[in-house]
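Trainee: structural data only, the sequence is not supplied:
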């Protein structure tokens, strides 16, 4: 069985301050891990993915995530938030065995 | 190249009617997924097709929901006797897949079909 827990349903930051969106996973396998972003009334877009290569993964728009096996975490970070980062973010675990497991999402609000 | 497309983009239907939602995946992608996203909610997995294998239907909420994938490409999600609680955005995604499945590959999402049942 596999599960993904996004620890915060809502995160609010000021523009120019760091962003941290937390994700923990549980899996019997060695999963692939992804972060997707969904802007209002848009489809989901891949931000970055981890597939057992480097544990620090860099994605688009300045986001990065670090895979920590000992903590079963894959937190998403960005050094400086921009207004355009306001969106819903989903952490996802996938395996070769079949379908992926999505977290419930974190809504990021960026205040001017 | 072309991404995942879905049609229609919006569908309004009366309670009790049947609807069909269409998904055209990226050419060459053998894995196809359907999800449902209700207002302010996360993604709810519905069904997963992987190549010629039997689909994983474990997420379908009731027997009013069915899906098929013809020729390993286009997929149709059918909802019979629609209910108001079926109102949601239905998202389709496709991905490459390895020998066993598609979960380790990123999914490419379509824009979704917004279904409103009145």
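Mentor: Received the coordinates, thanks. This is a predicted model, so every value here is computed, not measured.

Trainee: what strands line up against the helix or strand hosting residue B:12, and which way round?
Mentor: Following DSSP states H and E, the helix or strand that holds residue B:12 is strand B:10-13. When pairing is defined by DSSP bridges, strand B:10-13 lines up against strand B:113-117 (parallel).

Trainee: please identify the buried residues of the partner strand?
Mentor: B:113, B:114, B:115, B:117 (16 or more other C-beta atoms under 10 Å in any protein chain shown). Bear in mind the C-beta positions are built from the backbone N, C-alpha and C, glycine included.

Trainee: wait, is residue A:84 part of a helix?
Mentor: Yes - Residue A:84 forms part of a helix when assessed by DSSP: H, G, I helix; E, B strand; the rest coil.

Trainee: right, and the helix or strand after the one helix or strand residue A:45 maps to?
Mentor: Residue A:45 belongs to strand A:44-50 when assigned by DSSP H and E. Next in sequence after strand A:44-50, counting helices and strands by DSSP H and E, comes strand A:56-58.

Trainee: so who does the spatially most central residue of chain B touch?
Mentor: Centroid check for chain B by C-alpha atoms, centre = their mean gives residue B:34 as the closest residue, at 2.7 Å. By C-beta atoms under 8 Å, 6 or more residues apart in numbering or on different chains, residue B:34 lies in contact with B:23, B:46, B:47, B:48, B:67, B:75, B:77, B:90, B:91, B:92.

Trainee: can you add neighbour count and give those residues back as CSV?
Mentor: Converted to CSV, these look like this (neighbours: other C-beta atoms under 10 Å in any protein chain shown):
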residue, neighbour count
B:23, 26
B:46, 21
B:47, 22
B:48, 24
B:67, 22
B:75, 23
B:77, 23
B:90, 23
B:91, 25
B:92, 28
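
Trainee: for chain A, state which of those is nearest.
Mentor: Of all the contacts of residue B:34, chain A sits closest to residue B:48, with 4.3 Å by C-beta to the nearest C-beta.

Trainee: show me what the helix or strand that contains that closest one is packed against.
Mentor: Secondary structure from DSSP H and E places residue B:48 in strand B:43-50. For strand B:43-50, the packing partners by 3 or more C-beta pairs under 8 Å, 6 or more residues apart in numbering or on different chains; DSSP states H and E come out as strand A:98-102, strand B:31-37, strand B:65-69, strand B:75-79.

Trainee: buried set for the strand holding residue A:45?
Mentor: Here strand A:44-50 shows A:44, A:46, A:47, A:48, A:49, A:50 as buried, counting by 16+ other C-beta under 10 Å.

Trainee: what does that strand rub up against?
Mentor: A:32-39, A:57-61, A:63-65, A:67, A:74, A:76, A:89-90, B:43, B:91, B:93, B:106-109.

Trainee: among those residues, which lie within strands?
Mentor: Among those, the members falling in strands (DSSP state E) are A:32-38, A:57-58, A:64-65, A:67, A:74, A:76, A:89-90, B:43, B:91, B:93, B:108-109.
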